[in-house]
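1. Build the 3D model from these lines:
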Amino acid sequence: MEYSRVLSLVFCICVCCCFFSTAQARSHKHSKHKHAHASPVSQISLPPCPPPEPANQTNGGHSYNSTNVFDVRSFGAVGNGIADDTQAFKAAWDTACQVEESAIVFVPYGYSFMIQSTIFTGPCQSRLVFQVDGTLMPPDGPDSWPQNNSKRQWLVFYRINEMSLQGGGLIDGRGENWWNLPCKPHKGINGTTLPGPCDSPIAIRFFMSSNLTVQGLRIKNSPQFNFRFDNCRDVHIESIYITAPALSPNTDGIHIENTNNVKIYNSVVSNGDDCVSIGSGCYDVDIKNITCGPSHGISIGSLGNHNSRACVSNITVRDSVLKYSDNGVRIKTWQGGSGAVSGVTFSNLHMNNVRNPIIIDQFYCLAKQCMNQTSAVLVSNIIYSNIKGTYDIRSPAMHFACSDSVPCTNLTLSDVELLPAQGELMLDPFCWNAYGDLETLTIPPVSCLMEGTPRSALENYLDHC
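-> Residues are numbered from 1 along each chain as shown. Purely as a prediction, here's the structure:
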């Protein structure tokens, strides 16, 4: 099976120059200082080379003659965007799934297929390719969704081993009517919500599956999460292009939960929530050359909600650009949780007018008031290296708000140079109960990190993950 064109990217050389309080975590004020510099735009760092382009669909798609290719039209799919093609897709899948040699479910270019909420179930007899060169779409909004169908998910791949979802086609989530439900937070005054049904479908979900590849696709306007991986392993996401409006609620680009050995490379995400969100139970995750924004950034969490235990480790985010986003790289946990986030590296990142470029928030709360609690997810061994660019001056460039009872430990900063996107006033970085080291001087200077390792962290470390 011929994959989509893999983008070859050469990363730009950065010119490096080394220049170089305790307050309440929920409510605090930052000091402002005037730091002289020639321009609010950093000249000391260049971003990675231009982002990958979306897959080109003008070549007419692929043509196959193999006996192991199952064109959905051969099973009755119409592809006019109106007819219900669900059963044709299910039949093509079930037939391909029983082939003992590698098989292809083929969605041809030039057609738009409307599919209801569906579960494609495995295991299959051999490796399977779901080749999408045309357009896939769900029913248009909650009023068109059949009452008996789940409104929490659209296309689900369950218990699959060795599958590739690929092609130059488009997945159109038709999410606008879902975003406009009265319960959605962006609809009310000051983020308030109104009562009423609020379930919205995840566009593409993989559950209890392994050896997965997602490559080359475009996805737009998902009702909720674009991709979600639960209890999966060995996942490779390459050269995908995700778009949704900045105010589309909960449209995370890629969310992973209890999933390990994940590679997310060479992709573009612009949406109304996190570009990538990493939930509990994830480890061995490598994120490289992502262009993220406008969005809410790249997040680990939220973790520890409802006093739950969360473990996340060995996460790398590198060689990427974050722009016009509410956050850059973020770790967010609820009070009352347990477990640990450890072994995380954020390196070679370029920020362009990002609010909260570097943030740890262990007081994450979606309500107006959340009670202080004594337990928390431990955050330890976090590296921030070669992070440069500009930030939105409404928030400080670095914000380390760590639990009162479980401090953040072993935070390491080197070659961090962040300048205000406008003006010359820089907010001092904020720290609360945060311990770490500066391997180089930073811009703005960080003087609030405490040295060493607190006794409480040493005593409690073995109780975590």
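2. my guess is Lys90 is in a strand, correct?
-> No: looking at Lys90 with DSSP: H, G, I helix; E, B strand; the rest coil, it is helix, so not inside a strand.
3. Leaving out chain neighbours, which residue sits closest to it?
-> In space, and not counting its chain neighbours, Lys90 is closest to Thr118: 6.5 Å by CB to CB, 6 or more residues apart in numbering. Glycine gets a C-beta too; all of them are placed from N, C-alpha and C.
4. residues in contact with that neighbour?
-> The contact partners of Thr118, by CB atoms under 8 Å, 6 or more residues apart in numbering, come to 86, 89-90, 154-156.
5. hey, where'd the helices end up in the chain?
-> Applying DSSP state H to the chain gives helices spanning 86-97, 176-179, 455-460.
6. In TSV, list those along with mean neighbour count, distance to Asp404 and mean pLDDT.
-> Output for these, formatted as TSV (neighbours: other CB atoms under 10 Å; distance: least, CB to CB, whole Å; pLDDT from 0 to 100):
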stretch	mean neighbour count	distance to Asp404	mean pLDDT
helix 86-97	19	52	98
helix 176-179	20	37	96
helix 455-460	13	10	64
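7. sorry, back to before: spatially, which two of the contacts of Thr118 are the most separated?
-> Lys90 and Trp154 (13.9 Å; CB to CB).
8. if we can go back for a sec, let me have the helices of the chain in TSV, adding distance to Ser209 as columns.
-> Converted to TSV, these look like this (distance: least, CB to CB, whole Å):
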stretch	distance to Ser209
helix 86-97	13
helix 176-179	25
helix 455-460	36
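9. Compare those helices and give me the one nearest Tyr283.
-> Here helix 455-460 is closest among these (CB to CB), at 20.7 Å.
10. I'd assumed Asn372 was in contact with Ser405.
-> No: here Ser405 does not reach Asn372: they are 9.0 Å apart, not a contact under CB atoms under 8 Å.
11. okay, these two: which has more neighbours?
-> Between Ser405 and Asn372, Ser405 has the larger neighbour count (other CB atoms under 10 Å), namely 15 against 12.
12. Now do that one against Gly436, distance only.
-> Distance from Ser405 to Gly436, counting by CB to CB, to the nearest Å: 18 Å.
13. now do Pro142
-> The gap separating Pro142 from Gly436 is 47 Å, by CB to CB.
14. With Ile315 as the reference, name the closest of the helices of the chain.
-> It's helix 455-460; of those, that one is closest to Ile315 (CB to CB) at 19.9 Å.
15. measure stretch 107-127 end to end?
-> Using CA to CA, to the nearest Å, the end-to-end distance of stretch 107-127 comes to 17 Å.
16. what's the answer for stretch 251-262, then?
-> The straight-line separation of the ends of stretch 251-262 (CA to CA) is 20 Å.
17. I'd like the average pLDDT over it.
-> For stretch 251-262, mean pLDDT rounds to 98.
18. what's the answer for stretch 427-446, then?
-> Confidence for stretch 427-446, expressed as mean pLDDT, is 96.
19. Please apply the same query to stretch 371-380.
-> Taken as a whole, stretch 371-380 has an average pLDDT of 91.
20. More neighbours: which of Pro142 and Gly436?
-> Gly436 (25 against 17).
21. So the more buried one sits against Thr409, correct?
-> Yes: Gly436 lies in contact with Thr409 (CB under 8 Å); the separation is 7.4 Å.
22. all strands for the stretch 301-450 of the chain, in order.
-> 309-323, 329-333, 338-354, 358-361, 378-391, 398-401, 408-420, 425-427, 430-432, 434-438 (DSSP state E, counting those that start in this stretch).
23. Out of those, which is closest to Ser302?
-> Set against Ser302 and scored by CB to CB, the strands of the stretch 301-450 of the chain come closest in strand 329-333, at 4.6 Å.
24. Now do the closest one against strand 378-391: the angle between them, please.
-> If you take axes from the mean of the first three to the mean of the last three CA atoms, to 10 degrees, strand 329-333 sits at 140 degrees to strand 378-391.
25. send the alpha carbons of strand 329-333 over as PDB?
-> C-alpha atoms of strand 329-333 as PDB (Å, rounded to 0.1, in the frame of the first residue of the first chain):
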ATOM      1  CA  VAL A 329       2.900  23.900  26.800                       C
ATOM      2  CA  ARG A 330       0.800  23.100  29.900                       C
ATOM      3  CA  ILE A 331       0.500  20.600  32.700                       C
ATOM      4  CA  LYS A 332      -2.900  20.900  34.400                       C
ATOM      5  CA  THR A 333      -4.100  18.900  37.400                       C
END
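26. Please work out which residues outside it touch it.
-> If you take CB under 8 Å, 6+ apart as the criterion, strand 329-333 is touched by 296-304, 310, 317, 322, 341, 344, 346, 349, 356-362, 364, 376-377, 379, 382, 384, 387, 403.
27. give the contact list for the residue nearest to Gly81 when sequence neighbours are not counted.
-> In space, Gly81 comes closest to Ser112 once its chain neighbours are excluded; the distance is 3.7 Å by CB to CB, 6+ apart. If you count contacts by CB under 8 Å, 6+ apart, Ser112 has them with 79-81, 134-137, 172.
28. Equivalent analysis for Ser209, please.
-> By CB under 8 Å, 6+ apart, Ser209 lies in contact with 122, 157-161, 163, 229, 232.
29. Among those, which pair sits farthest apart?
-> Using CB to CB, the two most remote members of the contacts of Ser209 are Gly122 and Phe229, lying 14.9 Å apart.
30. Who has more neighbours out of those two?
-> Ranked by neighbour count (other CB under 10 Å), Gly122 and Phe229 place Phe229 first, with 25 against 17.
31. what bridges to the more buried one?
-> Assessed by DSSP bridges, Phe229 has beta-bridge partners Phe206, Ile256.
32. Now do it, the pLDDT please.
-> The model reports Phe229 with a pLDDT of 98.
33. same deal with the one 10 residues further on?
-> Ser239 is assigned a pLDDT of 98 by the prediction.
34. for Thr193, same thing?
-> Note on Thr193: pLDDT of 70.
35. so how far is Gly337 from the residue nearest in space to the middle of the chain?
-> When CA atoms, centre = their mean is applied to the chain, the residue found nearest the centroid is Val276 (0.8 Å). Separation of Val276 from Gly337 (CB to CB) stands at 21 Å.
36. circling back to that earlier point, show me what the residue nearest to Lys90 is bridged to.
-> Note on Thr118: beta-bridge partners by DSSP bridges are Leu155.
37. Can you pull out the low-pLDDT segments for this structure?
-> 1-65, 185-192, 456-463 (pLDDT under 70).
38. Try it again at 90.
-> 1-67, 182-198, 366-374, 423-427, 453-465 (pLDDT under 90).
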